[in-house]
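K.L.:
fold the following for me, if possible:
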Amino acid sequence: MKEKFKVPDSVIILACTLFGYMAVYLYELGYCKAFGIPTELINPSISNYLKVGGISIAVLVFLFQVLNLFHLIINESLPNSPYKTLLSKYGLFVILGLLVAVQSYFYWHTVIFFLGFPLLMLLVDVIIPLFDREGTYSNRLELWLSFNAKVPNKDLINEHINENNSKIILSVVLSIYILGVLTNFGYGEALRKEKFSIVGEYALLKVYGAQGIVMKFNSETNELLPEYKIVEMKNIEFKVVELGKLRQKDEK
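P.N.:
Below is the predicted model of the structure:
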């Protein structure tokens with residue numbers, strides 16, 4: 001009997017560290033993109049990594065458990081049917097996609113990737129059986145899903161994929177999904193921001209450790225102007241003002 005492959009603890013720690021770094025950078029990238037801040041000014045501090053990276057890893061573990069629970073509930077509470085297969089295959093990803101779309105104010109990149117893609121795949125599985133007239137729709141759908149699930153040399157593949165490997169694959173897929181989501185979460189947070197710390201004609205948009213990024217704005221039109229500065233936070237006194245939603249000057 002072959003021994004199950006076990007991922008070394010050092011590899012897990014390294015993977016979590018890389019995931020945390022990527023999570024923070026992509027989140028900051030989305031946030032800065034909403035204000036037009038150049039990417040070269042992104043310089044996350046230790047506190048940024050601990051906060052966003054830690055939360056992202058916790059969310060990854062949480063989603064992994066939720067996905068397992070989701071499939072367990074479906075498998076035990078619903079009778080076997082092609083509709084159960086569809087729900088198990090797409091349900092959670094459609095729900096997550098909708099939540100992400102709402103979070104980013106239905107930013108079109110988000111809708112296409114995180115909501116449109118799973119819905120498109122769902123529609124493909126639902127529509128194709130309609131073109132066949134033999135038997136009931138339920139039977140045709142079941143045949144299509146069974147055909148779609150078949151993989152060449154499936155038995156050979158299953159010999160090398162045990163439960164532990166399946167969890168690794170699922171973790172990788174969820175990690176990629178979450179990393180993609182984080183850019184839109186950062187973008188969505190920036191869009192919701194209405195209270196700003198200001199000094200003179202500049203609004204504080206982001207703080208990285210002891211330094212902050214300020215951007216000039218027009219107080220009459222609430223337009224951000226393409227003029228940035230990096231300031232030392234300890235040397236400047238800001239006052240918090242509710243400015244509403246600032247936007248870039250070229251935004252229509």
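
K.L.:
quick one, what contacts residue 186?
P.N.:
By CB atoms under 8 Å, 6 or more residues apart in numbering, the contact list for residue 186 reads 26, 27, 28, 29, 30, 31, 32, 33, 34. C-beta coordinates here come from the backbone N, C-alpha and C atoms, glycine included.

K.L.:
so which helix or strand takes in it?
P.N.:
In this assignment (DSSP states H and E), residue 186 forms part of helix 163-192.

K.L.:
follow-up on the earlier one: can you tell me which of the contacts of residue 186 lies nearest to residue 47?
P.N.:
Among these, residue 28 lies closest to residue 47 (CB to CB), at 12.4 Å.

K.L.:
the closest residue to residue 35 other than its chain neighbours and residue 40: what is the separation?
P.N.:
Closest residue to residue 35 apart from its sequence neighbours, by CB to CB, 6 or more residues apart in numbering: residue 205 at 5.2 Å. From residue 205 over to residue 40 the distance is 15 Å, taken as CB to CB, to the nearest Å.

K.L.:
between those two, who's got more neighbours?
P.N.:
residue 205 (24 against 6; other CB atoms under 10 Å).

K.L.:
where does the stretch 101-250 of the chain have low pLDDT?
P.N.:
Applying pLDDT under 70 to the stretch 101-250 of the chain flags residues 103-110, 113, 147-170, 173-174, 243-250.

K.L.:
which residues in the stretch 101-250 of the chain form helices?
P.N.:
108-110, 117-127, 137-149, 154-160, 163-192 (DSSP state H, counting those that start in this stretch).

K.L.:
mind giving me the packing neighbours of the third one?
P.N.:
If you count contacts as 3 or more CB pairs under 8 Å, 6 or more residues apart in numbering; DSSP states H and E, helix 137-149 packs onto helix 82-103, helix 117-127.

K.L.:
list the buried residues in that helix.
P.N.:
140, 141, 142, 144, 145 (16 or more other CB atoms under 10 Å).

K.L.:
distance-wise, check the residue nearest to the third one when sequence neighbours are not counted relative to residue 146.
P.N.:
Excluding its sequence neighbours, the residue lying closest to residue 142 (CB to CB, 6+ apart) is residue 82, at 4.1 Å. Applying CB to CB, the value for residue 82 to residue 146 is 9 Å.

K.L.:
need the max-distance pair from the buried residues of helix 137-149.
P.N.:
Among these, 140 and 145 lie farthest apart (CB to CB), at 9.8 Å.

K.L.:
let me know the outermost residue of the chain.
P.N.:
Distance from the C-alpha centroid of the chain peaks at residue 134, with 41.3 Å (CA atoms, centre = their mean).

K.L.:
domains in this structure, by residue range?
P.N.:
For the chain, automatic domain parsing gives the domain ranges 9-192, 195-248.

K.L.:
which of the contacts of residue 186 fall in helices?
P.N.:
26, 27, 28, 29, 30, 31, 32, 33, 34 (DSSP state H).

K.L.:
ok, and the most crowded of the residues you listed?
P.N.:
residue 27 leads those on contacts (other CB under 10 Å) with 26 neighbours.

K.L.:
right, and it touches residue 184 too?
P.N.:
No: look at residue 27 against residue 184 with CB atoms under 8 Å: they stay out of range, at 9.4 Å.

K.L.:
next structured bit after the helix or strand hosting residue 15?
P.N.:
Assigned by DSSP H and E, residue 15 belongs to helix 9-35. Per DSSP H and E, the first helix or strand lying C-terminal to helix 9-35 is helix 46-48.

K.L.:
for that following helix, which outside residues touch it?
P.N.:
24, 28, 208, 209.
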